[in-house]
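Asker: only the shape, not the letters, is given here:
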Ligand code: B12
Ligand code: SF4
Ligand code: SF4
């Protein structure tokens, strides 16, 4: 073990912009393989075949990189300044989830992780503490790493009933990143569950996506439906999506532990003005080029113009705003079948709204 290294690492992590740092062993989450298998067997991953592929690694971080001795778990706050649910009652607007209101966290967290990992190796080297040749690997989101269970094992927070990690200091608005290393670092204590009898997140979910506390059926989750699901969404779920056009924050926003959260220090997570109250009539007019230009550097760009437009058209169908009918009809002949289908659905919903007024 390296005297003082952990304290220096923690100070450096905070200086880099992370808000939490804790350490665990790669074999600290023995319960995950069974739970992940149950989730996959029930088909709750929907079209996310990539969750199933490499599930041996996703279930067992010790198998992902057998030489790793420690995992440094990091949390970075993106707590919003504005009410994340403010637009839900404004049918002419779309609601974009907080994490996607500005720069893509994958890029920012990855850079911080790399800088911190380089610092760690340099610190060991400069003090002559280096083991033969220490190694590091950094991950955020996209690798087969069970970030939430590892985060709980390291003590960043606990997996709340909405399945996300909640911290007593940050609430639940924070991203998770990890540094796997061959260096032996003293692990921290796991965090325990502080949900108690609360069930605010479960009760607020518009689509009833939690079959049980601590379990999510992604196939019903609006975050999955708007970001991951390809093709038309089940028509029975569309009315429940309201005007959520990218992700969903209802269960996160309900958590009482957020009252301890401070606004994000990273200004590039603060909402872009055009994504605080985005107008559906503007968004529905985006073609491929204007979509790319508008969402360059944003996580929204990843889903592409067609899926985004599909979501916007569902929101228009749910708006009850007859003044948006023509903008929906303009997409009836869209070459993308899911977009054309969403346009037909919006048209029929808005026409029924007009008939209801007659
Ligand atoms: C796939 C995925 C999704 C899917 C599925 C979400 C899910 N809950 O599984 C979809 C697209 C729906 C999604 C949505 C969101 N996501 Co996401 N997602 C992931 C990803 C890539 C993998 C998660 C995973 O493995 N899921 C599979 C299931 C089986 O895992 P699980 O939730 O951990 O399931 C466990 C529980 O069911 C638990 N369990 C079962 N029974 C019991 C009983 C008890 C008592 C307990 C404690 C646990 C328990 O065991 C299972 C295995 O660990 C991670 C990044 C990563 N590499 O980990 C990000 C990640 C989880 N997502 C994140 C975010 C921010 C979101 C959204 C908030 C985005 C948004 N605003 O729209 C929503 C939140 C929706 C929600 N309520 O979960 C963050 C969460 C940060 C945090 N503080 O926890 C992560 C960690 C990305 C990151 N690096 O920051 N996501
Ligand atoms: S993100 Fe939205 S739809 Fe998904 S579980 Fe939470 S409240 Fe339900
Ligand atoms: S809203 Fe309540 S039940 Fe849900 S995660 Fe937060 S404390 Fe736990």
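Answerer: Good, I have the coordinates. All figures in this text were calculated on a predicted structure; none of them were measured in a lab. Ligands and ions are numbered 1, 2, ... in the order given.
Asker: what pLDDT is listed against whichever residue of the chain sits closest to ligand 3?
Answerer: Going by C-beta to the nearest ligand atom, ligand 3 is nearest to residue 160 of the chain, at 2.5 Å. Every residue, glycine included, has its C-beta placed from N, CA and C. We have a pLDDT of 98 for residue 160.
Asker: who's in contact with it?
Answerer: When the contact criterion is C-beta atoms under 8 Å, 6 or more residues apart in numbering, the partners of residue 160 are 166, 172, 193, 195, 201, 214, 255, 257.
Asker: wait, the third one sits on residue 158?
Answerer: To tie it back to what came earlier, the one meant is residue 193. Yes. At 4.9 Å, residue 193 and residue 158 qualify as touching, with contact defined as C-beta atoms under 8 Å.
Asker: could you list the contact residues of the chain toward ligand 1?
Answerer: Within the chain, the positions lying close to ligand 1 (C-beta under 6 Å from any ligand atom) are 32, 35-36, 39, 48, 51, 97, 99, 140-141, 145-149, 159, 162-165, 172, 174-176, 214-216, 218, 221, 223-224, 227-228, 247-249, 251-252.
Asker: narrow these to just the buried residues.
Answerer: 32, 36, 39, 51, 97, 99, 140, 145-149, 159, 162-165, 172, 174-176, 216, 218, 221, 223-224, 227-228, 247-249, 251-252 (16 or more other C-beta atoms under 10 Å).
Asker: which of those fall within helices?
Answerer: Per DSSP state H, helices hold the following members of those: 32, 36, 39, 51, 147-149, 223-224, 227, 251-252.
Asker: which pair of these spans the longest distance?
Answerer: Spatial extent of those (C-beta to C-beta) is set by the pair 32 and 227 at 23.2 Å.
Asker: for the nearest residue to residue 42 once chain neighbours are set aside, what are its contacts?
Answerer: Residue nearest to residue 42 in three dimensions, not counting chain neighbours: residue 217, with 7.6 Å by C-beta to C-beta, 6 or more residues apart in numbering. Residues near residue 217 by C-beta under 8 Å, 6+ apart: 42, 44, 209-211.
Asker: among these, which one has the most neighbours?
Answerer: residue 209 (26 neighbours; other C-beta atoms under 10 Å).
Asker: where's that residue, which helix or strand?
Answerer: Assigned by DSSP states H and E, residue 209 falls within no helix or strand.
Asker: didn't it look like it was pressed against residue 216?
Answerer: Yes. At 5.8 Å, residue 209 counts as touching residue 216 under the criterion of C-beta under 8 Å.
Asker: can you pull out the helices in the stretch 251-358 of the chain?
Answerer: Taking DSSP state H, counting those that start in this stretch as the test, the helices found in the stretch 251-358 of the chain are 273-276, 280-283, 288-294, 304-319, 325-329, 337-357.
Asker: what packs against the longest one?
Answerer: Going back to what we said before, that points to helix 337-357. In terms of contacts (3 or more C-beta pairs under 8 Å, 6 or more residues apart in numbering; DSSP states H and E), helix 337-357 is packed against helix 304-319, helix 325-329.
Asker: check which residues of that helix are buried.
Answerer: 338-347, 349-350, 353.
Asker: please tabulate those in JSON lines, including the columns distance to residue 67 and pLDDT.
Answerer: Output for these, formatted as JSON lines (distance: C-beta to C-beta, whole Å; pLDDT from 0 to 100):
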{"residue": "338", "distance to residue 67": "44", "pLDDT": "98"}
{"residue": "339", "distance to residue 67": "47", "pLDDT": "98"}
{"residue": "340", "distance to residue 67": "51", "pLDDT": "98"}
{"residue": "341", "distance to residue 67": "49", "pLDDT": "98"}
{"residue": "342", "distance to residue 67": "48", "pLDDT": "98"}
{"residue": "343", "distance to residue 67": "53", "pLDDT": "98"}
{"residue": "344", "distance to residue 67": "55", "pLDDT": "98"}
{"residue": "345", "distance to residue 67": "52", "pLDDT": "98"}
{"residue": "346", "distance to residue 67": "54", "pLDDT": "98"}
{"residue": "347", "distance to residue 67": "58", "pLDDT": "98"}
{"residue": "349", "distance to residue 67": "56", "pLDDT": "97"}
{"residue": "350", "distance to residue 67": "59", "pLDDT": "97"}
{"residue": "353", "distance to residue 67": "61", "pLDDT": "83"}
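Asker: for ligand 1, state which of the residues you listed is nearest.
Answerer: Nearest to ligand 1, judged by C-beta to the nearest ligand atom, of the buried residues of helix 337-357 is residue 338 at 17.7 Å.
Asker: is it true that that closest one touches residue 305?
Answerer: No. Counting by C-beta under 8 Å, residue 338 stays clear of residue 305, with 11.6 Å between them.
Asker: run through this protein and note the low-pLDDT ranges.
Answerer: 1, 3, 129-131, 357-358 (pLDDT under 70).
Asker: gap between residue 203 and residue 148?
Answerer: 21 Å (C-beta to C-beta, to the nearest Å).
Asker: ditto for residue 170
Answerer: According to C-beta to C-beta, residue 170 and residue 148 sit 14 Å apart.
Asker: residues near residue 182, how many?
Answerer: Residue 182 is flanked by 16 other residues according to other C-beta under 10 Å.
Asker: with residue 169 instead?
Answerer: Residue 169 has 15 neighbours, counted by other C-beta under 10 Å.
Asker: ok, the closest residue to it other than its chain neighbours - contacts?
Answerer: Ranked by C-beta to C-beta, 6+ apart and with sequence neighbours excluded, the top spatial neighbour of residue 169 is residue 260, at 6.0 Å. Going by C-beta under 8 Å, 6+ apart, residue 260 touches 168-171.
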